[in-house]
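K.L.:
Got a sequence here, can you build the structure:
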Amino acid sequence: MQIVQSIDALRQTLAGRGRPAFVPTMGNLHEGHLSLVRHAREHGDVTVASIFVNRLQFLPHEDFDSYPRTFEADCAALQAQGCDVVFAPKELDLYPQPQTFKVQPNPELADILEGHFRPGFFTGVCTVVMKLFACVFGTAGGGVAVFGKKDYQQLLVIRHMVQQFALPVQIIGMDTERAADGLALSSRNAYLSAEQRTQACALYAQLQWLAGQVQGNGAVPLEQLEAQAVERLSALGWAPDYLSVRQRDDLQRPAAGAAPSPLVVLGAARLGSTRLIDNLEF
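P.N.:
Residues are numbered from 1 along each chain as shown. Sure, this is the predicted structure:
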């Protein structure tokens, strides 16, 4: 496995090696990330993972400086999964000048849910992903990128960005990896105390409850069921931002009386100082 830092070194490393399959990460890798790498190996000639904590997608009060950085362990885990190339740029490698040109996603998709509670988050995501795509796929002229569905809205935003810019990149979304009790694997789970970890599966349990209520109580307004789910989670000591039922394809609210469409319930809530997100398609 090769580890490269600069954009030029990455392009030289990938030259002539065929179609890349790419997994972008911010490091502190867990089994969810590694499952994406294993899947990527099936879809390209050379498997590439990036490790870069992207300042542009953190708000001033968020955890950029304290975000877990475990580079040596991450590289060992990637090598064990058969990753071919790790792109690990420093901030000045990826942003040698202030990144004044940014990718502004559609506010109808990006300013709701996560975008409402984290303004500008998806601008930072789209900007870094567009730049990483240029770094990884520029030599080969295209390839495959693999993302997890845990960050459901992020996956949808990136899909739409790729479509609108006609990028030669196939986006593959993989199901969320979970612990035995249902907790979605996340780098931020490391912030949880032992007691909080036993309570953390409650977010997914409430998503399951809400999905079941929507399927079994069609006459009850969605807003009422969502409010009940928020109350149930709050009663367990959480501070929910949202528990919301949306259409899978655009994350808009289902229209009353419209033909049924595939749905997803998404949630974000704080347990202590740790903010967790999750979702469930149904």
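K.L.:
As a check, name the ranges of all helices in this structure.
P.N.:
Assigned by DSSP state H, the chain shows helices spanning 7-14, 31-40, 71-80, 91-94, 107-110, 114-117, 121-137, 152-164, 194-199, 202-216, 222-234.
K.L.:
now the angle between helix 71-80 and the second one, please.
P.N.:
Relative orientation of helix 31-40 versus helix 71-80 (axes from the mean of the first three to the mean of the last three C-alpha atoms, to 10 degrees): 40 degrees.
K.L.:
Now do helix 31-40: which elements does it pack against?
P.N.:
strand 20-25, strand 46-51, helix 71-80, strand 143-148, strand 169-174 (3 or more C-beta pairs under 8 Å, 6 or more residues apart in numbering; DSSP states H and E). (C-beta placed from N, C-alpha, C; glycine too.)
K.L.:
between those, which gets nearest to residue 5?
P.N.:
strand 46-51 (10.4 Å; C-beta to C-beta).
K.L.:
could you check the angle strand 20-25 makes with the closest one?
P.N.:
Using the same axes, to 10 degrees, strand 46-51 lies at 20 degrees relative to strand 20-25.
K.L.:
contacts for strand 46-51?
P.N.:
For strand 46-51, the surrounding residues in contact (C-beta atoms under 8 Å, 6 or more residues apart in numbering) are 14, 17-27, 33, 37, 40-41, 71, 74-75, 78, 82-89, 132, 136.
K.L.:
And for stretch 167-175?
P.N.:
For stretch 167-175, the surrounding residues in contact (C-beta under 8 Å, 6+ apart) are 35-36, 39-40, 43, 133, 137, 141-149, 155, 158-159, 161-162.
K.L.:
rewinding a little: make TSV out of the helices of the chain and add mean neighbour count, mean pLDDT and distance to residue 186.
P.N.:
Listed next are these as TSV, based on neighbours: other C-beta atoms under 10 Å; pLDDT from 0 to 100; distance: least, C-beta to C-beta, whole Å:
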stretch	mean neighbour count	mean pLDDT	distance to residue 186
helix 7-14	18	98	27
helix 31-40	20	98	7
helix 71-80	15	98	15
helix 91-94	15	97	23
helix 107-110	16	98	21
helix 114-117	18	98	14
helix 121-137	22	98	16
helix 152-164	20	98	13
helix 194-199	13	98	12
helix 202-216	19	97	11
helix 222-234	17	97	17
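K.L.:
Nearest to residue 58, out of the ones you listed?
P.N.:
Using C-beta to C-beta, the nearest of the helices of the chain to residue 58 is helix 121-137, at 7.4 Å.
K.L.:
Run the chain-centre distance for that closest one.
P.N.:
13 Å (C-alpha atoms, centre = their mean, to the nearest Å).
K.L.:
Also stretch 85-104?
P.N.:
Between the centre of stretch 85-104 and the centre of its chain there are 19 Å (C-alpha atoms, centre = their mean).
K.L.:
re the thing from before, to residue 277, which of the helices of the chain lies closest?
P.N.:
helix 114-117 (7.1 Å).
K.L.:
Give me the residues contacting that closest one.
P.N.:
Residues from elsewhere that reach helix 114-117, judged by C-beta under 8 Å, 6+ apart: 107, 109, 121, 122, 153, 154, 241, 242, 268, 277.
K.L.:
distance of the closest residue to the fifth one other than its chain neighbours from residue 34?
P.N.:
So the one you mean is residue 153. Leaving out its chain neighbours, the residue that sits closest to residue 153 by C-beta to C-beta, 6 or more residues apart in numbering is residue 114, at 5.2 Å. To residue 34, residue 114 is 24 Å away according to C-beta to C-beta, to the nearest Å.
K.L.:
got it, and residue 198?
P.N.:
Using C-beta to C-beta, residue 198 is found at 24 Å from residue 34.
K.L.:
Output the helices and strands packed on helix 31-40 as JSON lines; include the columns distance to residue 5.
P.N.:
Compiled in JSON lines, the helices and strands packed on helix 31-40 are given as follows (distance: least, C-beta to C-beta, whole Å):
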{"stretch": "strand 20-25", "distance to residue 5": "16"}
{"stretch": "strand 46-51", "distance to residue 5": "10"}
{"stretch": "helix 71-80", "distance to residue 5": "11"}
{"stretch": "strand 143-148", "distance to residue 5": "20"}
{"stretch": "strand 169-174", "distance to residue 5": "23"}
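K.L.:
just so I know, which of the helices of the chain lies nearest residue 100?
P.N.:
helix 121-137 (10.4 Å).
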